[in-house]
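[1] Next input, structure requested:
(one chain, ligands or ions: 2)
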Amino acid sequence: MSGSANGPAVQPLHQCWLYGILDLGYCPRENLASMTKAMLAGGIDILQLRAKGYPEAEIVAVAREIRPLLRDAGVPFIINDHPAIAQEVGADGVHVGQDDLSLAEVRRLFPRGLVGRSTHSVAQARAGAAEGADYLGFGPLFATPTKPDYTPIGLDDIRQVHEELSLPIFCIGGVKAENLPTILAAGARRVVIVSGILSASNPADYAAEAKKTLTNHSSERPCAS
Ligand code: TZP
Ligand code: MG
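    Residues are numbered from 1 along each chain as shown. Ligands and ions are numbered 1, 2, ... in the order given. Got it, this is the predicted structure:
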């Protein structure tokens, strides 16, 4: 655990393998707290609130509802797209895409937390690392209804991006418990799973299965980043 600008210790990024996203497109408002608890019970290491198209006041309300659950679990809480909301609710980090603010602008609005950047190519990943992101998303590996307008990049660049860059990289897009071994064999170390967990009949069990695969893999390769 490491200290956070916003209170008690949270798990450091280098110990985060399974990144869960609480995407409001998959989870009705009344189930958000129970879904968060299920994700935590399943062992997710870091959680993002993604609320595309929601009014800012609603995102703040949801963030305030789930914030204590994550703090109690020592799991970093990331807000998608909105550094000012991350600052307002005392989140541990913010995640931005290629078309969002520059890292400098994000850090001006949200000075002390983690900043993640979505990347869709090796060149974008290099740029994200160079501009000082704390971690990267890399994908979508496969076509996914969660982010339908993006061309999948496949598995071929995963090894290269990990060889070149030393910050934590979370592979994303169509990652499921079932294809995780293939993705890890292609060089991935960390992943984001959205619909796989949120649409599972038992989200906690689903996350736990993925987490087990990830931790077994990382313990077999302890020196890799
Ligand atoms: N960024 C790239 S792919 C993606 C995001 C947010 C969605 C991944 O969702 P899923 O359901 O795990 O494919
Ligand atoms: Mg964005």
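[2] Can you name the residues of the chain sitting close to ligand 2?
    Within reach of ligand 2 by Cβ under 5 Å from the ion, the chain has these residues: 81, 97, 100. Bear in mind the C-beta positions are built from the backbone N, C-alpha and C, glycine included.
[3] Just give me the neighbour total for residue 219.
    For residue 219, the neighbour count with other Cβ atoms under 10 Å is 8.
[4] ok, back up a step: kindly indicate the member of the residues of the chain next to ligand 2 with the most neighbours.
    Result: residue 81 is most packed of those (other Cβ under 10 Å), 19 neighbours.
[5] got the contact list for that one?
    Residue 81 makes contact with 50, 52, 94-97, 100, according to Cβ atoms under 8 Å, 6 or more residues apart in numbering.
[6] Need the max-distance pair from these.
    Greatest spacing in the contacts of residue 81, by Cβ to Cβ: 52 and 94 (14.8 Å).
[7] For the two, work out which one has more neighbours and name it.
    residue 94 (27 against 12).
[8] Find me the pLDDT at the more buried one, would you?
    For residue 94, the model assigns a pLDDT of 98.
[9] doesn't it fall inside a strand?
    Yes. Judged by DSSP: H, G, I helix; E, B strand; the rest coil, residue 94 forms part of a strand.
[10] Including secondary structure and pLDDT, could the residues of the chain next to ligand 2 go into CSV?
    Listed next are these as CSV, based on DSSP: H, G, I helix; E, B strand; the rest coil; pLDDT from 0 to 100:
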residue, secondary structure, pLDDT
81, coil, 97
97, coil, 97
100, coil, 94
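[11] what about the strands in the protein?
    2-4, 7-10, 18-23, 46-50, 77-80, 93-96, 114-119, 135-138, 169-171, 190-193 (DSSP state E).
[12] Now the residue of the chain found nearest ligand 2. Nearest residue, chain neighbours left out?
    The nearest approach of the chain to ligand 2 comes at residue 97, 3.5 Å away (Cβ to the ion). Of all residues not flanking residue 97 in the chain, residue 118 sits nearest, at 4.3 Å (Cβ to Cβ, 6 or more residues apart in numbering).
[13] wait, doesn't that neighbour sit right on residue 137?
    Yes. Using Cβ atoms under 8 Å, residue 118 makes contact with residue 137 at a distance of 4.5 Å.
[14] so what's in contact with those two at the same time?
    Joint contacts of residue 118 and residue 137 (Cβ under 8 Å, 6+ apart) are 95, 172.
[15] Now flag whichever of the contacts of residue 81 is closest to residue 107.
    Nearest to residue 107 among the contacts of residue 81: residue 94, at 9.4 Å, using Cβ to Cβ.
[16] which residues does that closest one contact?
    Counted by Cβ under 8 Å, 6+ apart, residue 94 has contacts 78-83, 86, 106, 110, 113-116.
[17] Throw those residues into TSV and include distance to residue 35, thanks.
    Shown next, in TSV, are these (distance: Cβ to Cβ, whole Å):
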residue	distance to residue 35
78	16
79	17
80	16
81	20
82	20
83	24
86	20
106	27
110	25
113	23
114	22
115	25
116	21
